[in-house]
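>>> sequence and predicted structure are below.
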Amino acid sequence: MLTARQAEGPWSAPNLLIAGRGLIDPCPFWDDDGQAYLVHAYARSRAGIKDRLRLRPMAPDASRLLGEGAIVFSDPARHPTLEGPKLYKRNGWYYILAPAGGVPRGWQVALRARKIFGPYEDRIVLAQGRTPINGPHQGALVDTPRGEWWFLHFQDAALYGRVVHLNPVVWTDDWPLVGEAAPDGGREPVLRHAKPALPVSAVATPQTSDEMDTADGRLGPQWQWHANHGRDWADLRARPGWMRLRALPLPEQGLGAAPHLLLQKLPARAFTVETLVEVGDGATGDAAVAAGLVVAGESTAALLVERLAAGGDAPVRRRVALRVDGHDAFTAPVGAGVVRLRVTLADGGACRFSFVPAGGEPRIIDSVFPARAGRWVGAQVGLIASGTGGGYADFDYLRFSPPPK
């Protein structure tokens, strides 16, 4: 638990409420009388169980827990996975909304009780039904100033990640029923519906393309490092209008485990993305550097411009290489200068790479790479610079566009 007087911070140091393996998805709740509680689930990968929710009493300032509490719901035969609880109170009823059944094919459960520790009765308030929206769950209830209720949840769209949906909610017999009625008597997502009655705002499109010309020298919000990063890994001021990436060593596990992958989520079901890269020298002048485009996930492919290590009187050599899960799928020599790299991702994830060397002709690589989702996330696309001799690579831009017809 962390605290702050304002959302911008400064935030306090983390305060550990309870230590334990596989304690996940905590949700705090303050009752009408000021008493506080924490409800959470368990992760099978670490706790060995995945089908129960525990409610614990908590100090009103959320500084500590006040006991073990109790398991308030578990029905593994009907809801074999139960996680992500959210605790509410309405009209004298306590509600716990929790996703059940697992990420790809699960459903949303609502639990309710007159007393906070139960006993709770359950009802499935949203499932896939006849729709293409698989696993519509793991979200939260929200209400508007006009009294409308909505449910915000995700859909696991495989390599496209977790896509967010908004479904209307109607309260019937004090149950929050989500979406619309299904033929089997349950509820299923709406495919088209009026928006919430809120002030009109402009349609916002997340940033994707980047011309590397930021005035403040900071990365745009669309970028994500693959793991904990160093502040000097990317430099937007060393060469104005370009982004310089340090060439860092790859881990033993290979490219797919490199923390210095600079990535973005897939912005559409099909697209083309292009960059212009120039590989710089290593600190010793003869070090190997490789830099280019990456499609990352459970499998990883990279189209790289490589400056091969020179030894003795041997000249520096450069080549383009398509590397899939650490193995060369294609190589071709190129000269010095900038190289344009491109990958087109078709609907479903088939990736086709191409490149244009300085002063050369476009070349499409025959190999087709099937993009795959990462662990708990979709596939990602972005940039990489790797090496062991202190080198770097400069990128002029990263541009997304519709795929060719």
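Looks like it arrived, so ask away.

>>> which residues touch stretch 28-38?
Here stretch 28-38 makes contact (Cβ atoms under 8 Å, 6 or more residues apart in numbering) with 17, 26-27, 39, 55-60, 62, 65, 69, 87-89, 116. For every residue, glycine as well, the C-beta is placed using N, CA and C.

>>> can we see that at 7 Å?
For stretch 28-38, the surrounding residues in contact (Cβ atoms under 7 Å, 6 or more residues apart in numbering) are 26, 39, 55-60, 62, 65, 87, 89, 116.

>>> tabulate the residues you listed (CSV), appending distance to Glu148 and pLDDT.
Shown next, in CSV, are those (distance: Cβ to Cβ, whole Å; pLDDT from 0 to 100):
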residue, distance to Glu148, pLDDT
Pro26, 28, 97
Val39, 26, 98
Leu55, 29, 98
Arg56, 32, 98
Pro57, 33, 98
Met58, 31, 98
Ala59, 34, 97
Pro60, 31, 97
Ala62, 30, 95
Leu65, 35, 97
Leu87, 21, 98
Lys89, 19, 98
Ile116, 26, 98
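
>>> from those residues, which two are the most distant?
Maximum pairwise distance among those (Cβ to Cβ): 20.0 Å, between Leu65 and Lys89.

>>> who's more crowded, these two?
A direct count of neighbours by other Cβ atoms under 10 Å for Leu65 and Lys89 places Leu65 higher, at 16 against 13.

>>> the more buried one touches Leu16, doesn't it?
No. Contact criterion Cβ atoms under 7 Å: Leu65 and Leu16 do not qualify, at 10.2 Å.

>>> what's the overlap in contacts for the two?
Common contacts of Leu65 and Leu16 (Cβ under 7 Å, 6+ apart): none found.

>>> which residue is the nearest non-sequential neighbour of Gly20?
In this structure, Gly20 finds its nearest non-sequential neighbour in Ala47, 7.6 Å apart by Cβ to Cβ, 6 or more residues apart in numbering.

>>> check the gap between that neighbour and Leu23 for me.
7 Å (Cβ to Cβ, to the nearest Å).

>>> swap in Ala100?
Using Cβ to Cβ, Ala100 is found at 18 Å from Leu23.

>>> neighbour-wise, which of these two wins?
Neighbours per residue (other Cβ under 10 Å) separate Ala100 from Leu23, with Ala100 holding more: 22 against 17.

>>> so what's the more buried one up against?
With the criterion set at Cβ under 7 Å, 6+ apart, Ala100 makes contact with His79, Thr81, Leu82, Gly106, Trp107, Val109.

>>> may I ask which of these has the most neighbours?
Greatest neighbour count in the contacts of Ala100, by other Cβ under 10 Å, goes to Leu82: 28 neighbours.

>>> pretty sure it sits against Leu53.
Yes. If you go by Cβ under 7 Å, Leu82 and Leu53 touch, sitting 6.0 Å apart.

>>> hey, what's in contact with both of those two?
Ala41, Ala98.

>>> what's opposite the nearest residue to Lys115 once chain neighbours are set aside in the beta bridge?
Spatial nearest neighbour of Lys115, excluding adjacent residues (Cβ to Cβ, 6+ apart): Tyr94 at 7.2 Å. With DSSP bridges as the criterion, Tyr94 is bridged to Lys89, Ala113.

>>> list the contacts of Tyr94.
Arg112, Ala113, Ile116.

>>> what separates the last one from Leu141, distance-wise?
When Cβ to Cβ is applied, the distance between Ile116 and Leu141 equals 17 Å.

>>> do Val368 as well
With Cβ to Cβ as the criterion, Val368 and Leu141 are 43 Å apart.
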